[in-house]
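Q: give me the fold of what follows.
(2 chains)
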Amino acid sequence: MFRALFCIGLALLVPGLVAMGVSLCGGPVEWFTDTQTFWGVPISLFVFWIGLAHAGTLISAAFLVLNVKMDRRTALLAEMSTLCSLAVAVCMPLMHLGVIANFYMVAPFWDARGNISNVRSPLVWDFCCIAVYGVLSLLFFVSHFCMNPLKDDLPTVAVARAWIKKVRRPMAWILFPLVLWVHSVVSLDFASTFVPEWQGAFFPLYFIAGAIFSGLALVNFLLTFENYRVRVLEKLTLVCSWFMCAFWVWNFIINGNFCVSAFVFAGVLPQLLFVEWVRENRYACVSLWLSILLGMLLERVYLVSPTMETFGWIDLGLVAFGAGMFLVTFYGLRRLLQKGIEDDELLMGDVDTVGEALDSEFEAASRKYFLPLSTPEYRILRLPVLCGILVAILFSIWTFNANDQVNIELRLVNVFPLFGPIIALVAALILTSRALWTVSRKSVRWVVVSLLVAFAGACGAFYAGGSSVPEKASAETSSQLLDNVSVVNVVWDSRCATCHGIDGKFNKKFVREFYPVPQTLSLDRLDSIGEDSLVQVILQGRVNMNSYEGRISEGMARNLVMYMRILAERDSARASSAGEDEE
Amino acid sequence: MTPLMNALACLLALASARFLWRDKVSMLKESLILLGFLLISCFYTFFAADMSLVQMEHYPFRMLALFLCFSTTELPRKRRRYLVLAQTAWLWVEFFAGISLFYRGLDMPWIRITAIAGIAFGSSFLSRINREMEFCLMVFWIAIWVFF
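A: Just a heads-up that it's a prediction; the model follows:
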């Protein structure tokens, strides 16, 4: 069965990769982009997959925090689904950016050119939150394999339980709010914009509910193929479907939006779980979980691109890419970790029956007198969290100073959403590094050290900024594309329109997210700057604009300047005819 | 929303809260009660408030959070944990809704946020929650709801 699912994944991934390749070459013009919101299928898929990525770790962490019993197999599969969904999700905004090499500009640091991203933008918060969430989910997942009671050198179940108490449970206390924080921040990408359909102060809760609901459906879907059922997860899914319906009703009252297909697939059909035959039948259950996933996907598409009516082949290809990549990575990873997943009966959460000895030991410890700031709870969890708070405060002081230098006015509320991921990252790193260091083998320690060095290298790469000089071949090819307006049009749409807009009047929504919007390139302004200066700006770059030298020839740059003139003339003619009509 | 209707919303939450943890705890029963209260809050907001005010967009969810806070006083066990969690949920609703409204030109309700955060933080240190303490907490929550 797993091999069949892996093959289905491969079958979906191949056409998906073709669509991905075409999208990467052609840029944002290749997929459907909503005329009202400027966002399209990649962002819909990002929101959908990031939602799926939240439930796995959330379920595992929340159950551990609330002492709900859950077997480790379910926890492992759920956390694995988080990692695989996250891998799919991060591909989507990278593609949406158009210029993938510039993704590092979203990180809230200076780069070597003196640019700093706009910390006021929820997209910057998004980047930080998701990056931290990915790292911590990976650590949480890896921590399973450091307490494996089946290994000869780590002998007893008691060791595993002590590991849960000392590492996994405090880690769960950090991850539980972080997951909710991350999805609340994702919702602010929408709720803080000027698009009327997205204006809702309830969006953070709405998005969290949607993420949990779709993620639960995914985990149930995966468990069904394991020939395995967790009734509490099924009940939770049912409950989430009710709350989603309540959110849809409220959204309809506030914004007048209602996605009927999502309501049918994800709101009405899940109620069939009340029918015993459906609950007991494997195929019926799979159909139900798929119905929920489809409904939630349609809801995300409707939310992001309200004017979208049909999917083009590129859009469908991107959907196939997401599903294919998930199935291939998930079942690839599952095969790799098969032994650890299947030969294990350890219960997470409530440990009162088997771990009586340990419990009494902990109880005795709780009665013992400790000097101030020396209790186990303080050392394990509160101290790392306090360190995280300190780092977050230092970061905000630095950010205020840095933004002050480039005359960007910041308020506390602009920086506060970054506090959550910073505190969580610092606390979790302190918490796990010590524990992992003591249990890991020498070779593993070297791997960890190498990873840290690689991380430092990545930070250096962020600082230096990406190279804007491509290979000679592409420059030579572009020098042949002269004097053809349709070719210039294609180059404009694929290279310039992401920021400057297809009509040359700026894609303001996109630009505003990162930088202050510059002056519009009107006819007068183009004349005042002059053709040669504009060609130099294109080739050498300026402030936030990249250098295109080597990527396009000087002739093509001149053609682009002429094309900008054509667009400005069109705009000026349109403005004057509108003025005459008014008169 | 008028102060009277705002106070009535608080009373509604207080009156309904005692039904949540009554009898045997079951996930479906508790969820149905929560859902029922949420729907009642939605309709209450729709009929009692001026829906052109953007502050009303998350009003039912604020009511739900207050309802959860009140209901924790009925819990027989692990009250401190759920008390802190319920207050954090309220803080969450206020904070993220505040950010979204800030970007649409409204000020953040810092006083309300600080007050809830203060109580949530303070109550995490409570070793024993007796009847007097319950009453005290309820008075605090009502004061935050009505005055801030």
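
Q: so who does the residue sitting nearest the centre point of chain B touch?
A: The centre of chain B sits closest to B:Leu66, judged by Cα atoms, centre = their mean, with a distance of 1.4 Å. For B:Leu66, the contacting residues are B:10, B:13, B:90, B:141, B:145, by Cβ atoms under 8 Å, 6 or more residues apart in numbering or on different chains. In this view, the C-beta of every residue, glycine as well, is placed from N, C-alpha and C.

Q: tell me the one of these nearest chain A?
A: B:Trp90 (11.7 Å; Cβ to the nearest Cβ).

Q: just the CA trace of stretch B:141-148, in PDB.
A: In PDB, the C-alpha atoms belonging to stretch B:141-148 read as follows (Å, rounded to 0.1, in the frame of the first residue of the first chain):
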ATOM      1  CA  TRP B 141     -12.400  39.900  34.500                       C
ATOM      2  CA  ILE B 142     -15.600  41.800  34.700                       C
ATOM      3  CA  ALA B 143     -13.800  45.000  35.400                       C
ATOM      4  CA  ILE B 144     -11.500  44.500  32.400                       C
ATOM      5  CA  TRP B 145     -14.500  43.700  30.200                       C
ATOM      6  CA  VAL B 146     -16.600  46.600  31.400                       C
ATOM      7  CA  PHE B 147     -14.100  49.400  31.900                       C
ATOM      8  CA  PHE B 148     -11.300  48.700  29.400                       C
END
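
Q: list the contacts of it.
A: B:3, B:6-7, B:9-10, B:14, B:66, B:69-70, B:109, B:111-112, B:115-116, B:119.

Q: pLDDT of the helix or strand hosting the residue nearest to the centre of chain B, averaged?
A: Per DSSP states H and E: B:Leu66 is located in helix B:59-72. For helix B:59-72, the mean per-residue pLDDT is 94.

Q: now do stretch B:117-125
A: On average, stretch B:117-125 scores 88.

Q: I'd like the next helix or strand past the helix-or-strand element of chain A with minimal mean pLDDT.
A: Least confident helix or strand of chain A, by mean pLDDT, DSSP states H and E, is helix A:472-479 with a mean of 47. Per DSSP H and E, the first helix or strand lying C-terminal to helix A:472-479 is helix A:485-491.

Q: for that following helix, buried residues please.
A: A:488-489, A:491 (16 or more other Cβ atoms under 10 Å in any protein chain shown).

Q: show me what the helix of greatest length in chain A is packed against.
A: Assignment by DSSP state H gives helix A:554-582 as the longest helix of chain A. Contact here means 3 or more Cβ pairs under 8 Å, 6 or more residues apart in numbering or on different chains; DSSP states H and E; on that basis helix A:554-582 packs against helix A:472-479, helix A:485-491, helix A:523-529, helix A:531-540.

Q: do that again at 10 Å, thanks
A: helix A:472-479, helix A:485-491, helix A:497-500, helix A:523-529, helix A:531-540 (3 or more Cβ pairs under 10 Å, 6 or more residues apart in numbering or on different chains; DSSP states H and E).

Q: tell me which of these is the most buried.
A: Greatest average neighbour count among the helices and strands packed on helix A:554-582 goes to helix A:497-500 (a mean of 21), per mean count of other Cβ atoms under 10 Å in any protein chain shown.

Q: tabulate the CA atom coordinates of that helix in PDB.
A: Provided in PDB are the C-alpha atoms of helix A:497-500 (Å, rounded to 0.1, in the frame of the first residue of the first chain):
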ATOM      1  CA  ALA A 497       6.200  43.200 -13.500                       C
ATOM      2  CA  THR A 498       6.500  41.600 -10.100                       C
ATOM      3  CA  CYS A 499       7.500  45.000  -8.700                       C
ATOM      4  CA  HIS A 500       6.700  47.500 -11.400                       C
END
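
Q: chain center to that helix, what's the gap?
A: Distance, stretch centre to chain centre, for helix A:497-500: 23 Å (Cα atoms, centre = their mean, to the nearest Å).

Q: average pLDDT across it?
A: 76.

Q: which other helices and strands contact that helix?
A: helix A:508-514, helix A:554-582.

Q: what's the most buried one of those?
A: helix A:508-514 (a mean of 18).

Q: mean confidence score for that helix?
A: 62.

Q: stretch A:424-433 now?
A: 88.

Q: how about it as CSV, C-alpha atoms only?
A: Extracted C-alpha coordinates of stretch A:424-433, given in CSV (Å, rounded to 0.1, in the frame of the first residue of the first chain):
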residue,chain,number,x,y,z
ALA,A,424,10.8,30.0,21.2
LEU,A,425,14.0,29.6,19.2
VAL,A,426,16.4,30.6,21.9
ALA,A,427,14.5,28.6,24.6
ALA,A,428,14.2,25.5,22.6
LEU,A,429,17.9,25.6,21.4
ILE,A,430,19.1,25.9,25.0
LEU,A,431,16.7,23.2,26.2
THR,A,432,17.5,20.6,23.6
SER,A,433,21.2,21.2,22.8
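
Q: so where's the stretch 1-150 of chain A uncertain?
A: A:98-99, A:101-102, A:110-115, A:147-150 (pLDDT under 70).

Q: and the stretch 51-200 of chain A, which residues reach chain B?
A: A:65-67, A:120, A:122, A:125, A:176-177, A:180-181, A:184-185, A:187-188, A:190-194, A:198-200 (Cβ under 10 Å from any Cβ of the partner chain).

Q: could you tell me the end-to-end distance of stretch B:65-80?
A: 16 Å (Cα to Cα, to the nearest Å).

Q: quick one: distance of it to the chain centre.
A: Taking mean C-alpha positions (Cα atoms, centre = their mean), stretch B:65-80 and its chain are 11 Å apart.

Q: the residue nearest to B:Leu106 when sequence neighbours are not counted: what's it in contact with?
A: What sits nearest to B:Leu106 in space, not counting adjacent residues and going by Cβ to Cβ, 6 or more residues apart in numbering or on different chains, is B:Val54, at 6.8 Å. For B:Val54, the contact set (Cβ atoms under 10 Å, 6 or more residues apart in numbering or on different chains) comprises A:199-201, A:254, B:97, B:100-101, B:104-106.

Q: spatially, which two of these are the most separated?
A: A:Ile254 and B:Gly105 (17.4 Å; Cβ to Cβ).

Q: quick one, helices of chain B?
A: B:3-17, B:27-48, B:59-72, B:79-102, B:110-123, B:131-147.

Q: still on that earlier bit, more neighbours: which of A:Ile254 and B:Gly105?
A: A:Ile254 (20 against 7; other Cβ atoms under 10 Å in any protein chain shown).

Q: domain ranges for chain A, per the record?
A: Domain segmentation of chain A under automatic domain parsing yields A:2-102+A:117-354+A:361-464, A:475-582.

Q: with distance to B:Asp23 as added columns, please give those domains in CSV.
A: Output for the domains of chain A, formatted as CSV (distance: least, Cβ to Cβ, whole Å):
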stretch, distance to B:Asp23
domain A:2-102+A:117-354+A:361-464, 18
domain A:475-582, 51
